[in-house]
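# sequence and predicted structure, then a few things I'm wondering about:
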Amino acid sequence: MDELSERRRLAIQQAAEVVLSRMAKQHAMGVTGLLSIYPKDKLLWGSVLPAIVTIIVFGLIVVTGVNIDDFLKRTVDTSVSILPNLLGFLLGGYTILIGFGNASLLKSATHIIEGRRISLFQMLSTIFALTIYLQSITLAAAVIAQFTLSIPLSAGTGFVGMLHDAVPTINKVSVVVFLFLLFYSILSLKDTVVNVFNFAQRYHYTLTEERLSDEYEARKKGKSNDTQQ
């Protein structure tokens, strides 16, 4: 009997360790945790449209003979101009989401989504976090590029001369990279809006469920009072 109890105890302990290990993986932190939790299909398909738009725009630049240096400067200036506003909007929304006070709603949003290994709350959090992270990188790169483009490079010998000769190629690559990052930052907002809508739907469902429960309890109490009378 003692041996059977010990086996049961060990089995329960092993099952608990498996559950805790799975929970630890689902709650990894830092950039590594963000990338491991974020749905890979969303990351892949979210890159398709920005890549297509980037190819089309860059193709038009090449065909029409637009000056690459001027276009790169305009792209960098546009990034520096609009990204702070987008970051402010997303940070505000992210803060509201994390600080949301309805405990019953947040608990209901922790259930694992069918077909995925994360919850609705984690899905919302990772989409906000990754979008903000990418926009921060794009903004930082744009600010650095803005200063770099103001540095004059003259033809010569040595490293400076090699760098001067490589500027046209570097600028073409930079245009492609900045266009992709800028379009990705802008187009990723649609995923944020959709997931905020999903969260709002969950909130409405929770409130409706609570209202129906209160109405049922009120009717039940009313019938009980009528019976006693």
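Yes, it's here.
# OK, contacts around Phe178?
Contact analysis of Phe178 by Cβ atoms under 8 Å, 6 or more residues apart in numbering lists Leu72, Thr75, Val76, Ser79, Thr138, Ala141, Ala142, Ala145. Yep, even glycine has a C-beta here, placed from its N, CA and C like the rest.
# and the gap between the second one and Lys40?
To Lys40, Thr75 is 29 Å away according to Cβ to Cβ, to the nearest Å.
# between these two, who's got more neighbours?
With neighbours defined as other Cβ atoms under 10 Å, Thr75 and Lys40 compare such that Thr75 has more, 20 against 9.
# now do the contacts for that one.
Val175, Phe178, Leu179, Leu182.
# am I right that Thr78 is in contact with Leu182?
Yes. If you go by Cβ atoms under 8 Å, Thr78 and Leu182 touch, sitting 7.0 Å apart.
# okay, these two: which has more neighbours?
Taking other Cβ under 10 Å, Thr78 and Leu182 do not tie; Leu182 has more neighbours (22 against 13).
# Val196: which element?
helix 158-228 (DSSP states H and E).
# residues touching Ile55, list them.
Listed by Cβ under 8 Å, 6+ apart, the contact set of Ile55 is empty.
# quick one: it from Val176, how far?
According to Cβ to Cβ, Ile55 stands 9 Å off from Val176.
# Phe147 too?
Per Cβ to Cβ, Phe147 is found 20 Å from Val176.
# Asp77 too?
Counting by Cβ to Cβ, the gap from Asp77 to Val176 is 17 Å.
# the more surrounded of those two?
Using other Cβ under 10 Å as the criterion, Asp77 and Val176 rank with Val176 on top: 17 against 14.
# that one and Phe58 touch, don't they?
Yes. Taking contacts as Cβ under 8 Å, Val176 lies within contact range of Phe58: 5.7 Å.
# residues in contact with Ser185?
If a contact means Cβ under 8 Å, 6+ apart, then Ser185 has Leu83, Leu86, Thr131, Leu134, Gln135, Thr138 as its contacts.
# same check on Ser174?
Applying Cβ under 8 Å, 6+ apart to Ser174 gives the contacts Leu72, Ala145.
# how close does it sit to Ile132?
Counting by Cβ to Cβ - Ser174 and Ile132 are separated by 23 Å.
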